[in-house]
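Engineer: Predicted model, plus sequence, below.
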Amino acid sequence: MSAALEIFLARLYGNALEAESFLRERAAYARAAGLPEEHLPDVLAIDSGALRFAAQSFERKRRSSKRDALDSEGVSPRTPSLRGSR
Amino acid sequence: MRKLSDSPRDRVGLAWRDELAVDIHIHLQDIDCLEILADREFRASRQRIAALRELARQVPLSLHSVALGLASSEPVDEKRLARIAELASRIEPDHWSEHLAFVRAGGFEIGHLAAAPYRPETLEGTLRNVERARRAVGSLPHLENIATSILPPGSVWSEEQFVGQVLQGTSAPLLLDLHNLYANAWNFGRDPVELLRALPLERVRSVHLSGGCVVRDAEGVARLVDDHLHDPPDVVFDLLQLLAANATCGLTVILERDGRFPDFSAVLRQLALARAALARGRERQPLSRLAAA
């Protein structure tokens, strides 16, 4: 049943607001999200500070990745062509 | 892939960033190897691919992937694998690599590397995914340990136990990120040397060096973040020395920097520090700083 736990974690890591909702009402949130009962103790034991920090960190990285994606499409004027030889 | 991976000598280089392009070309004689971020090149022009291919002929090139999500009970996306395979066939790197991380599940995109629960179902899924990746790309990826600020809930193994079992089950080489290792040790109150020694060091073929910074979370807890925006701390070079003393093969060492780029002379100094650490390790010189810490 690791897949269900991964999906649940991806939901929390992928959206800092979801992580906050979970932290407000852990058991109710987990059950509503369809997490199997066997994993309930695992998520009830999550360190709130660590989860908040992780979710916010992923949020920042998603924003940064979007900027990188724009760069890789050639939008950034800083991007030089790969020329030169040794 | 080019047939360079079994070269026994140590190599020290850095991750390609466009911001460093000019300096990299000017100082290519001081750089043994380079790493290209695969995900940034999927939409690269033909000219750029040709330039990368040319670069791969001048210096051993690693193709580094960040978004496959191999360490998951979910199957890796075949389309993503096909893109890596196509890029590898066009650039002909020395080898390719990916993280032991999950990045999505059930339609939820995390958007970055996360540690999946270290448990049997994840291990089984990871072994299947690595095999799928090998079939698609034509060679096994070097598998990289990740930094995490949260212990994966539901884990029944430690990170090193999980990594060890993945390597045992796949015969893939280990790409050991020493700052990720150090950050995890720092954040979870563990001894980085003990953590290093718990890994199968004979399987390490490549190494990442980077830096980070300590920040306080909303509850005031200090956390070491692997941000690739700072110089590698001394302890990372000490860990490299320790690794070199125990590694049985040549190591490809890559310095990673994603921003706040220093003057290139500082980058070259860090490459020199890495070479010196490797040399000390190969000579089995004692570790003074870590031992004293």
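Structural biologist: Ah, there it is. Numbers count the residues shown, from 1 in each chain, chains lettered A, B, ... in the order given.
Engineer: Under a three-state scheme, what state does B:Val103 occupy?
Structural biologist: With DSSP: H, G, I helix; E, B strand; the rest coil as the basis, B:Val103 sits in strand.
Engineer: now it: how far from B:Asp39?
Structural biologist: 11 Å (C-beta to C-beta, to the nearest Å). Placement of C-beta: from N, CA and C, glycine included.
Engineer: Between the two, which contacts overlap?
Structural biologist: B:Val66, B:Ala67 (C-beta atoms under 8 Å, 6 or more residues apart in numbering or on different chains).
Engineer: Look at those two and report which has more neighbours.
Structural biologist: Taking neighbours as other C-beta atoms under 10 Å in any protein chain shown, B:Val103 and B:Asp39 compare with B:Val103 leading, 24 against 20.
Engineer: Just give the closest residue to the more buried one, not the sequence neighbours.
Structural biologist: B:Gly69 (4.1 Å; C-beta to C-beta, 6 or more residues apart in numbering or on different chains).
Engineer: In this structure the one you found contacts B:Phe102, no?
Structural biologist: Yes - contact criterion C-beta atoms under 8 Å: B:Gly69 and B:Phe102 qualify, at 4.8 Å.
Engineer: could you point out the longest helix in chain A?
Structural biologist: helix A:48-72 (DSSP state H).
Engineer: Show residues contacting that helix.
Structural biologist: A:12-16, A:18-20, A:22-23, A:76, A:78-79, B:18, B:40-44, B:110-112, B:114, B:148-151, B:217-219, B:221, B:223, B:225.
Engineer: So which of those residues are in helices?
Structural biologist: A:Leu12, A:Tyr13, A:Ala16, A:Glu18, A:Ala19, A:Glu20, A:Phe22, A:Leu23.
Engineer: sec struct for B:His208, please.
Structural biologist: Assignment for B:His208 (three-state DSSP): strand.
Engineer: Any idea what it is bridged to?
Structural biologist: Beta-bridge pairing for B:His208 (DSSP bridges): B:Asp177, B:Ile254.
Engineer: can you tell me how far it sits from B:Asn180?
Structural biologist: Distance from B:His208 to B:Asn180, by C-beta to C-beta: 7 Å.
Engineer: ok, now B:Glu219?
Structural biologist: 23 Å.
Engineer: Looking at those two, which one has more neighbours?
Structural biologist: Using other C-beta under 10 Å as the criterion, B:Glu219 and B:Asn180 rank with B:Asn180 on top: 21 against 11.
Engineer: which non-adjacent residue is nearest the more buried one?
Structural biologist: The nearest residue in space to B:Asn180 (C-beta to C-beta, 6+ apart) is B:Ala147, at 3.9 Å.
Engineer: confidence score at that neighbour?
Structural biologist: B:Ala147 is assigned 97 on the pLDDT scale.
Engineer: Residues that sit against both of B:His208 and B:Asn180, list them.
Structural biologist: B:Glu144.
Engineer: in chain A, what spans have low per-residue confidence?
Structural biologist: Scanning chain A for pLDDT under 70 picks out the ranges A:1, A:66-86.
Engineer: now do the stretch 1-150 of chain B
Structural biologist: B:1-8.
Engineer: can you map out the strands along it?
Structural biologist: B:11-15, B:34-37, B:61-64, B:95-99, B:102-105, B:108-114, B:142-144 (DSSP state E, counting those that start in this stretch).
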